[in-house]
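Chemist: okay, structure incoming, though there's no sequence with it:
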């Protein structure tokens, strides 16, 4: 074959290679978006400090099953509460229920008992006080007792639990305020969907309360922080130094002050997300 005869063959071969490369690049580009979406974790605000963390088939509900208490606290609407208690879709996929402490702006024993009754795949892991509260308020406790696990780490101690798709650390923390020294307040580090979330309940804002956990080295992606931690320079420095989260989400925001706090935080806490609208969602 002469050089002239070889030329069309060479050109055809080069065209095939270029087309092949284009197809490969196009396929990779198209596949990148669904993969990114599948790796995202969605957080839905339920009220006060209540959040629902969802990743794929796994869901964790923290401080989300509580009822109307006082006007200073955001709470699920009647329709939302009914959907949660009856485990109506999409709340029928909750794997794990966590509760920081027994105060009624975070917890209602009957509500938790009803959800466990209606969602046999869910389990509650929480303190002795929470388990006792569910038992007291649930006429059907014998039916749901197999879904309840009591874990109460001592102050400054932690318990580690591995579940399918969820890794959990439960932290023994003091509740804020001398009047509440009797309250078993639990913090949680939840690893789900490749992200780490920190929830501290109403923990006392002291270095000693958190010193044994080395949370600044946990590589926390999202920290749910009671808004009052963020009202002062000292509080903001405390959050940065103790937790070093990539994203701060302010919770426990009084409904009457939500607009002002959101506006103020835009200046004093730039980048901070303020949860105040029930069922608002964020992806991380």
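Modeler: Alright, I've got the coordinates. All figures in this text were calculated on a predicted structure; none of them were measured in a lab. Residues are numbered from 1 along each chain as shown.
Chemist: relative to residue 175, how far out is residue 118?
Modeler: In this structure, residue 118 and residue 175 are 30 Å apart, going by CB to CB, to the nearest Å. All C-beta spots, glycine's among them, are computed from the backbone N, C-alpha and C.
Chemist: show me which of the two is the more surrounded one.
Modeler: Neighbour tally, residue 118 and residue 175, criterion other CB atoms under 10 Å: the higher count belongs to residue 175, 22 against 16.
Chemist: next, name the residue at the spatial heart of this protein.
Modeler: What sits nearest the mean C-alpha location of the chain, by CA atoms, centre = their mean, is residue 53, with 4.3 Å.
Chemist: where does it fall, secondary structure wise?
Modeler: When secondary structure is defined using DSSP states H and E, the element that contains residue 53 is strand 50-55.
Chemist: show the contacting residues for the residue nearest to the centre of the chain.
Modeler: Residues in contact with residue 53, defined by CB atoms under 8 Å, 6 or more residues apart in numbering, are 41-43, 59-62, 190, 192, 197.
Chemist: partners of the residue nearest to residue 275 when sequence neighbours are not counted in the sheet?
Modeler: Taking CB to CB, 6 or more residues apart in numbering as the measure, residue 275 lies nearest to residue 45, with 4.2 Å between them; neighbours along the chain are not counted. Residues found in beta-bridge contact with residue 45 (criterion: DSSP bridges) are residue 51.
Chemist: and residue 45, how far from residue 149?
Modeler: For residue 45, the distance to residue 149 (CB to CB) stands at 26 Å.
Chemist: do the same with residue 59
Modeler: Distance, residue 59 to residue 149, by CB to CB: 17 Å.
Chemist: contacts only, for residue 48.
Modeler: If you count contacts by CB under 8 Å, 6+ apart, then residue 48 has 63, 66, 73-75, 105-106, 251-252 around it.
Chemist: that older thread, mean confidence score for the strand holding residue 53?
Modeler: Summarised as a single mean, pLDDT over strand 50-55 is 98.
Chemist: continuing past it, what's the next helix or strand?
Modeler: Past strand 50-55, the next helix or strand by DSSP H and E is strand 58-62.
Chemist: ok and that next one relative to strand 50-55, angle-wise?
Modeler: Taking axes from the mean of the first three to the mean of the last three CA atoms, to 10 degrees, one finds strand 58-62 and strand 50-55 inclined to each other by 170 degrees.
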